[in-house]
Structure formats: structure tokens, C-alpha cells
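Peer 1: what's the 3D shape of this:
(one chain, ligands or ions: 1)
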Amino acid sequence: MPSKISAVQLSPFSRQYNASSIFAHIFHRGPVTQREISKTAGLSFATVTSVVSPLEKLGIIQRSTASSTNTGRPAGLYKCNPTYRHVLGIEARKDELFFILSDLQGHVLSQNSISYDKKIGKEGFLNLLLRETKDKIARVGAKENKLLGIGIGVAGLVNPANGSVAMLSHLSNWGSIPLREIMEEKFKLKVSVHNLAAAAALGESWYGLGRDKANFLFLSVTDGVGGGIFINDQLYTGTSGTAGEFGHISVDDHGPVCTCGNVGCLETFTSVPAIVQSARKSVSDGVSSAIKEIVGGDLDKITFSTLVEAAKREDKLAYKLFTDVGRYLGEGIVSLVNLLNPEMIVIGGDLAQAGSLILDPVNDVLKRQALEVPRKSVEIVFSGLGDSASALGSVVPLIEEFITLPLLE
Ligand SMILES: [Zn+2]
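Peer 2: Sure thing, here's the model as predicted:
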């Protein structure tokens, strides 16, 4: 990599500060001209030019080929050089490890996954994670310092402050594991560990619909129900790092027992396995439905996609299932809207496939039960990031830190 470049006049501290601020500006808003940076960052034009030039020489930023003028005349537009560094994002899902290699701006360069059996156990899981990570690092050529670090999103309780994992949802007898420490020691790289849903929320805040939102919530509904809370542009993690466990909001005192020990948690009604199980029970109890026809009578073959397909065929049972789920979800969302007054709630995970089937009942409940002022200022939308949201988001803290590092001497 090129060495750092000395520059002029300003004190080293001011210069570092300005360089970080200007780079952050270019990173988030590029392509931009130096004049625009000067105006919006509140720095003199001379200060901007004194930093932009060495940043360009280092290769951290580059001139954009896009034109900033109506005449098409090329004006000095700068943007982040996305390939200056790469990042490795990992999602530890309940039955597979999913890897992506991305550049600094979230463009996925390669991705692959390896499945594992639930009976793998703690040691087996860790061995697999370390072995596969080593293999991915070898492929990107870590010797050139190209890799900025590793982000991991895991399905379980995580303390992002120290990267320890107190529980993995799918592995029993996990205990508490200092996952970040283990990975950093092994690979001599920066490692960031988050809960899967919190990682997806980070992905949403940088690469998705939450990009320009200072206060928004991300709600992930797949095997479990979780999410992330963004307040003033920051992920709120709470005292022990577990904030965002929306799935354990109680919505029915007489509801089913939840994995957390409580009864009637939101997750017991709205997680994908709960919805599928409910469909199976209804069909098995003799409710007439296209669902049975779609799976050829084999109820074990019912998946979430089956229910979406049935709803598209205007199947009454599928409609009822989604309406019920939307209502329960709406009950939980009412509490969130009243408590936090967010600008946006992004729903991600498998449930996003259901679209308006869920959204209409959610909005009905909101209209009836939420306070008027916060209700009118919130927008409920579905994530467009798909499968890679958590893997992409898990590396965000590493990129955030990189942007604020001293870039110039
Ligand atoms: Zn619960």
C-alpha cells in the first residue's frame, strides 16, 4: 500500500480531523466537488484542496467519471475508491455459514455458504467457522493489507462492546464465548460481532432504506423476531448489548410459551416457523385451503413461500393467517411507535415476502391504537437488501472506524 503523505501548514491534529471529516463527506455523499464539500462541511476551500489531493494520491479517494454540470463538462468530482480495502462479512445462520466479500461501499464481490448440521456442537461450529474464514482470507490476499477486517452476525445474544456471544439460538450448551477475541487472535485482523438482526439493521442504515434516516427501527422476522434501534444515526445497543429484542414484547397473556420462558411473546405468533405451524394445524384440522393442493397433500412440505403463493390465489386461510400475523405485529409496532417516535420502520427477513398482506393489517392496528402524532410521522416499509443484509451490516462498524482513522500524517 502507498505510504502516508505529509502535508502543509495546519497543525497535525486539525489536519487529521479535517481529513477524516472530508473523507467521511466524500464517502457518504460522493461524487462531490471540492466546492460542495467546502460548503456543506463548513471548511474553507483551501483546507479542502489541501486534504483532497493527498487523499487522492493515497488512493483512498478517486475522481469520478460522472459529470457534475449540465453541460457535461467534467468537473472535479470525487468519490471514495471502493476497492481501497475489502471487508469479509459472515452470517452464522442456524444451519449454514454465509460469507460475502465486499468492497468499502457494500458491493458484493463474491459470496458463498457452507451448511452444517445442528448436532455439530460448539467445538465443531467454531472449528468450521475458523477453517472457512481462513480459506476466505487466503483468497483475498491478506498479505497486501487489503482486508480491513471481519464482521460477523450470529443468531444469538451478543454483546457488541466486547464481541462475546452469550448464547447461540440453535446450539445448546453454548455458554459464553469471546468470539471476537478468538477471531482477532487467530487472524490478526479487526473483528466486529453483532446479533444477526442488529447486523441487518446496520446494513439497512448504510446500504438500505435507513440510509438517510437518523431515527428508524429495523424489524427482522424470520426464524425469530429481532431488530435494531437507530437513534440519532447510532445503533442503540443498551446496557448489556441486547437492545432490539422486539420479538419478546408480550402481546397475549394467554398465548403460547416462548423460547425465552415467557408466554404470548410477539415471536410466538409472527416468526416464520410459528406461521407455518399454524397453517399446518389448520389444514390438518380440515380447513379447506389451496395450501393443501400446492403441497400435494404433504403437509410437511408447507413453507412460508407456499403460504404466499396460496394468498396470491386468494386462498381464505392464507389471507387469515397473514391478517392475524399483521395484527399481532401491529400490536408490537404500536408500542414501538408510541415509545420511540421513529421516522421509519423497515421490516426485513422472510416476512418481507408477504408485502401488503402484512402491511394492511399492521396499518389498520396502527390507525386504531397508536398515538396520532407519532403515527402520522412514521413510514412502514420492506427491506430491499435481501439475503446479504446481515453480512453486509456486520462490517459497517469496521468501515465506520476506518473512516475516522488518521489517514494523513
Ligand atoms: Zn419471548
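Peer 1: Distance of Met183 relative to the ion?
Peer 2: 29 Å (CB to the ion, to the nearest Å). Backbone N, C-alpha and C define where each C-beta goes, glycine included.
Peer 1: Can you pull the phi/psi pair for that residue?
Peer 2: phi -70, psi -40 (degrees, to the nearest 10).
Peer 1: Pretty sure it sits against Ile150.
Peer 2: Yes: contact status for Met183 versus Ile150: in contact at 6.2 Å, counting by CB atoms under 8 Å.
Peer 1: Check the burial of the residue of the stretch 301-409 of the chain found nearest the ion by counting its neighbours.
Peer 2: Residue nearest to the ion within the stretch 301-409 of the chain (CB to the ion): Gly332, separated by 11.6 Å. Using other CB atoms under 10 Å, Gly332 has 24 neighbouring residues.
Peer 1: ok, now Arg63?
Peer 2: 15.
Peer 1: and it, what is it in contact with?
Peer 2: By CB atoms under 8 Å, 6 or more residues apart in numbering, the residues touching Arg63 are 56, 76-78.
Peer 1: One more: Tyr78?
Peer 2: 26, 30-34, 37, 52, 56, 61-64 are the contacts of Tyr78 under CB under 8 Å, 6+ apart.
Peer 1: Sticking with it, tell me its helix or strand.
Peer 2: Tyr78 is part of strand 77-80 when elements are defined by DSSP states H and E.
Peer 1: Can you name the next helix or strand after that strand?
Peer 2: strand 86-92.
Peer 1: The helix or strand that comes right after that next one: partners in the sheet, and parallel or antiparallel?
Peer 2: Per DSSP H and E, the first helix or strand lying C-terminal to strand 86-92 is strand 96-103. Here strand 96-103 is paired, per DSSP bridges, with strand 86-92 (antiparallel), strand 108-115 (antiparallel).
Peer 1: how distant is strand 96-103 from the center of its chain?
Peer 2: Counting by CA atoms, centre = their mean, to the nearest Å, strand 96-103 is centred 13 Å from the centre of its parent chain.
Peer 1: Model confidence at the residue nearest to Gln34 when sequence neighbours are not counted, what's the number?
Peer 2: Using CB to CB, 6 or more residues apart in numbering and skipping the chain neighbours, the partner closest in space to Gln34 is Val48 (4.9 Å). With respect to pLDDT, Val48 scores 92.
Peer 1: What about Val48, how many residues nearby?
Peer 2: Using other CB under 10 Å: Val48 sits among 24 other residues.
Peer 1: start the count at 107, not 1, going forward
Peer 2: Sure, I'll start counting at 107 from here, so that last one is Val154.
Peer 1: What mean pLDDT does stretch 477-496 get?
Peer 2: Stretch 477-496 comes out at a mean pLDDT of 92.
Peer 1: what does the lowest-mean-pLDDT helix or strand in the chain contact?
Peer 2: Every helix and strand in the chain was compared by mean pLDDT, DSSP states H and E; the lowest is strand 270-274, with a mean of 77. Strand 270-274 is contacted by residues 198, 231, 260-265, 280, 282-287, 299 when judged by CB under 8 Å, 6+ apart.
Peer 1: By neighbours, which of these wins?
Peer 2: Val299 (30 neighbours).
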